[in-house]
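Need coordinates for the following:
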Amino acid sequence: MNDGVNGVALAVFIIFFLAVTVMGFLASRWRKAENEHTLDEWGLGGRSFGTWITWFLLGGDLYTAYTFVAVPAAIYAAGAAGFFAVPYTILVYPLIFTFLPRLWSVSHKHGYVTTSDFVRGRWGSKGLSLAVAVTGILATMPYIALQLVGIQAVLDVMGVGGGEDTNWFVKDLPLLIAFGVLAAYTYSSGLRAPAMIAFVKDTLIYIVIAVAIIYIPIKLGGFDEIFGAANDKYTAAKAGGLVPLEAGQWTYATLALGSALALFMYPHSITATLSSKSREVIRRNTTILPLYSLMLGLLALLGFMAIAAGVDVTNPQLAIPQLFEDMFPSWFAGVAFAAIGIGALVPAAIMSIAAANLFTRNIYKDFIKPDATPKEETRVSKLVSLLVKVGALIFVLTMDKTVAINFQLLGGIWILQTFPALVGGLFTRWFHRWALLAGWAVGMVYGTVAAYGVASPTQKHFGGSSKEIPGIGEIGYIGLTAFVLNVAVTVVLTFVLRAAKAPEGIDETRPEDYTADAGDPGVQVELPAATAGSAH
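You can find the predicted model right below:
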C-alpha cells in the first residue's frame, strides 16, 4: 500500500466527484413539477421514470459500493463461498416478477409511498404498519453506513487523510466533505438526484469491470495462473479450494435463498420501484436487470485476481481498491475509485430518502400529526433524510468497520421478517393481522438473539449471520430460520384467531387495484394516506 497520496488518481476522482455533485444539484430542475412540495415529487421523482431510468436507478440502488468492495473481498478472504451473491441475484428476479407489478399497481391506485402504507391499507393495522416501518429504518441505517465505508476504503488506498496518527478531523475530513455534498443535493433534489447520477455510476462500473476482466489477467499471465493461485491459497488454508467444503453448503444455499427473499423488502428497493411511471416498466425491468448479475459474476472474479496479484491487506475491504492501485495506471485507477465512490453516493441517497419516507408517512403522520399537509410531510422527510445520514456517519466514524458489516447482516435478518405482511398481503387476505404481527415479533426476537450469540475473531457478539438450524443440525442462514418460524407462527395463530372470531382490520383495497395501470379510470397518485380508499 502506498504511503503517500496518489495525486493523479485523486485528481481524476475529484473531477468525477465534482461532476456528479453538479448533476445532483441540477437534478432539481429535471422534470420539475408544478408542486414539488409533496412526497410523490421529492421522494418518488413524480412517479414518472421510464424503463431505462428505472433500470439505472434500481441498478444504482441494488449494486452499491458495498457490492463492488465486499463481494470480491469475501472471495479474497473466504473463497468460493463468497459467490453466494451471484445465485441470489439470479433467484430474485423471477420472484419479484410475480409481486412487484402488483405492488406498483395498488400503490399507484391509492397513493402509497412506502411498503408500510400498503400494509396499513391492506390489513387495516397501524401497529403492523409501524412494525414494518421501524424494521425498514433499522435495517437501512447500517446499509447507508456501509456506503460510507466504501468511500473510506477508496480514500485510504489513495492515501487521503493521513496515517493512523493524524488528527481525527483531518483524517476524516474527505469523508465529511463527501457526506456534506451527499446530504445537500439529496435535500435539494430528492430522488431525482440519484436517478440522474446513476447513469454515470453504472457506466463507470461497467467500463471498469470490462477493462479489469481483460487487462488484469493479461498482466497476471491469464486465468489459469489466477485460478491456480487462488486454489493454492484456499487449499493451504483448508478452505476447500475453489469449491466450498461440504460443511458449508447449507450455509451457502440458505444464505442465497434468504438474501433473495430479503432484497426487495428493503425500503430503498421499493422506493426505486414506485418511482416508475407504469406497471409495464416494472415488468420490463425484471427481465433486463439480470444484466447486472452478469456484471456481478465478473466483479466477483476480482477477488481471485487480488490473490494472484499478491495483494496483502489486513482488512479484506481494501483488497479491490488496492488491486486497482497496484495494477492500473494511476489515471485509470482514479476512474475505478470514482466508480466505487459514486457507487456509494447513489444508493446512500436513495436509502436515506426511503428511510425518511417511512418515518414521515408511518410514524409522524400516523401517530404524531395525522393532519400533516403534503408540504409538511415533505419538509419532515427532508430533515429526517439528513438525520439518517448523520447517524450513518457517526456509526462509521466511531465503530470498527467490521461492526458496520455485521450490523448490515443483522439488518438483512430483520428485513426478511416483513416478507409475510408485504408479499403475503399482495396475494391473500387470509392471514390475520395480529398473527402477522406475532410472527414478525417471533422472527425478530429469534433472529436477533441467534445473531447475538455468533462470535467472530473481532467481535464477541453479532459476529456473523449463520448458526446451527434447530432440528436439522446444519449451519444455515439465521434470517431464513427466523423467517420459517415467522411463517409457522403466523399460520398457526391465524387458524386460532379466525376460530375465535377475532376482529379483522378493514381492507381498503379491491382485487382490481392489483392490476391497475397508469391512465386506468380511478387511478390516483396524490391521495392522502388518511383517506386513501375510503370511498371503497
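
Give me the residue ranges of the stretch 401-536 of the chain where confidence is low.
Within the stretch 401-536 of the chain, the stretches with pLDDT under 70 are 401-402, 519-536.

cool, and the chain?
Low-confidence segments of the chain (pLDDT under 70): 1-3, 31-35, 161-171, 238-242, 244, 401-402, 519-536.

buried sites along the longest helix seen in it?
The longest helix of the chain (DSSP state H) is helix 126-158. Along helix 126-158, these residues count as buried under the neighbour rule (16 or more other C-beta atoms under 10 Å): 126, 128-158. Yep, even glycine has a C-beta here, placed from its N, CA and C like the rest.

Now residue 10: closest residue in space that isn't a chain neighbour?
Excluding its sequence neighbours, the residue lying closest to residue 10 (C-beta to C-beta, 6 or more residues apart in numbering) is residue 158, at 5.3 Å.

give the contact list for that neighbour.
5-6, 9-10, 13, 325, 337 (C-beta atoms under 8 Å, 6 or more residues apart in numbering).

And the strands in the stretch 251-400 of the chain?
Here the stretch 251-400 of the chain has no strands by DSSP state E, counting those that start in this stretch.

what residue lies at the spatial centre of this protein?
Taking C-alpha atoms, centre = their mean as the criterion, residue 62 is the residue nearest the geometric centre of the chain, at 5.3 Å.

Which parts of the stretch 401-536 of the chain are strands?
Under DSSP E, counting those that start in this stretch, the stretch 401-536 of the chain gives strands at 466-468, 475-477.

of all those, which lies closest to residue 257?
Closest approach to residue 257 among the strands of the stretch 401-536 of the chain (C-beta to C-beta): strand 475-477, 7.7 Å.

Now for residue 87: which residues touch it?
Shown in contact with residue 87 (C-beta under 8 Å, 6+ apart): residue 256.

do the one 5 residues further on as well
Residue 92 makes contact with 260, 263-264 under the criterion C-beta under 8 Å, 6+ apart.

Give me the buried positions along the helix or strand that contains it.
Secondary structure from DSSP states H and E places residue 92 in helix 85-110. Across helix 85-110, burial judged by 16+ other C-beta under 10 Å covers 85-93, 96, 99-110.

For residue 458, the count of nearby residues, please.
For residue 458, the neighbour count with other C-beta atoms under 10 Å is 11.

Quick check: it touching residue 400?
Yes - contact criterion C-beta atoms under 8 Å: residue 458 and residue 400 qualify, at 6.7 Å.

follow-up on the earlier one: return the members of the contacts of residue 158 classed as buried.
If you count burial by 16+ other C-beta under 10 Å, the buried members of these come out as 6, 9-10, 13, 325, 337.

from the residues you listed, which is closest to residue 404?
residue 337 (19.9 Å).

Can you show me the helices along the stretch 251-400 of the chain?
267-274, 279-288, 290-308, 319-327, 330-359, 374-398 (DSSP state H, counting those that start in this stretch).

give me every residue that touches the residue lying closest to residue 150 once chain neighbours are set aside.
Nearest residue to residue 150, sequence neighbours excluded (C-beta to C-beta, 6+ apart): residue 65, at 3.0 Å. With contacts defined as C-beta under 8 Å, 6+ apart, the neighbours of residue 65 are 146-147, 150-151, 340-341, 343-344, 347.

same question, residue 293
Taking C-beta under 8 Å, 6+ apart, we find residue 293 in contact with 86, 89-90, 93.

How about residue 130?
116, 362-363, 366-367 are the contacts of residue 130 under C-beta under 8 Å, 6+ apart.

Which of the residues you listed sits closest to residue 416?
residue 116 (16.0 Å).

Can you tell me how far that closest one is from residue 38?
Distance, residue 116 to residue 38, using C-beta to C-beta, to the nearest Å: 18 Å.

quick one: which of these two has more around it?
The neighbour comparison of residue 116 against residue 38 (other C-beta under 10 Å) goes to residue 116, with 33 against 20.

what's the distance between the more buried one and residue 107?
Distance, residue 116 to residue 107, by C-beta to C-beta: 11 Å.

one step back: quick one: which two of the contacts of residue 65 are the most distant?
146 and 341 (13.6 Å).

Can you point out the buried residues in stretch 211-226?
Buried residues in stretch 211-226, counted by 16+ other C-beta under 10 Å: 212-213, 216-217, 220, 226.

Alpha carbons only: can I get that stretch in PDB?
The C-alpha coordinates for stretch 211-226 follow below in PDB (Å, rounded to 0.1, in the frame of the first residue of the first chain):
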ATOM      1  CA  VAL A 211     -11.200  -3.300 -18.600                       C
ATOM      2  CA  ALA A 212     -10.300  -5.200 -15.400                       C
ATOM      3  CA  ILE A 213     -11.600  -8.500 -16.600                       C
ATOM      4  CA  ILE A 214      -9.300  -8.200 -19.700                       C
ATOM      5  CA  TYR A 215      -6.400  -6.100 -18.600                       C
ATOM      6  CA  ILE A 216      -5.600  -7.600 -15.200                       C
ATOM      7  CA  PRO A 217      -5.500 -11.300 -16.400                       C
ATOM      8  CA  ILE A 218      -3.100 -10.300 -19.200                       C
ATOM      9  CA  LYS A 219      -0.800  -8.700 -16.600                       C
ATOM     10  CA  LEU A 220      -1.100 -11.800 -14.300                       C
ATOM     11  CA  GLY A 221      -0.400 -14.400 -17.000                       C
ATOM     12  CA  GLY A 222      -4.000 -15.500 -17.700                       C
ATOM     13  CA  PHE A 223      -6.900 -17.100 -15.800                       C
ATOM     14  CA  ASP A 224      -5.000 -20.400 -15.400                       C
ATOM     15  CA  GLU A 225      -2.500 -18.500 -13.200                       C
ATOM     16  CA  ILE A 226      -5.200 -16.600 -11.400                       C
END
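
can you tell me how far residue 283 sits from residue 96?
As judged by C-beta to C-beta, residue 283 and residue 96 stand 10 Å apart.

try residue 270
Using C-beta to C-beta, residue 270 is found at 10 Å from residue 96.

so what sits against both of these two?
residue 264.

these two touch, right, residue 429 and residue 507?
Yes - counting by C-beta under 8 Å, residue 429 touches residue 507, with 5.9 Å between them.

shared neighbours, those two?
Taking C-beta under 8 Å, 6+ apart as the contact rule, residue 429 and residue 507 both touch residue 122.

What residues does residue 349 make contact with?
Applying C-beta under 8 Å, 6+ apart to residue 349 gives the contacts 24, 182, 185-186, 191, 193-194, 197.

Can you tell me which of these has the most neighbours?
Counting neighbours by other C-beta under 10 Å, the top entry in the contacts of residue 349 is residue 194, with 33 neighbours.

just checking, it touches residue 59?
No - the pair residue 194 / residue 59 is not scored as a contact, 11.1 Å apart, by C-beta under 8 Å.

picking up where we left off before, of the buried residues of stretch 211-226, which belong to helices?
Counting by DSSP H, the part of the buried residues of stretch 211-226 found in helices is 212-213, 216-217, 220, 226.

now these as a markdown table including distance to residue 496?
Listed next are those as a markdown table, based on distance: C-beta to C-beta, whole Å:
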| residue | distance to residue 496 |
| --- | --- |
| 212 | 56 |
| 213 | 56 |
| 216 | 59 |
| 217 | 60 |
| 220 | 62 |
| 226 | 57 |
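
Tell me how far residue 499 lies from residue 435.
Distance of residue 499 to residue 435, given as C-beta to C-beta: 12 Å.
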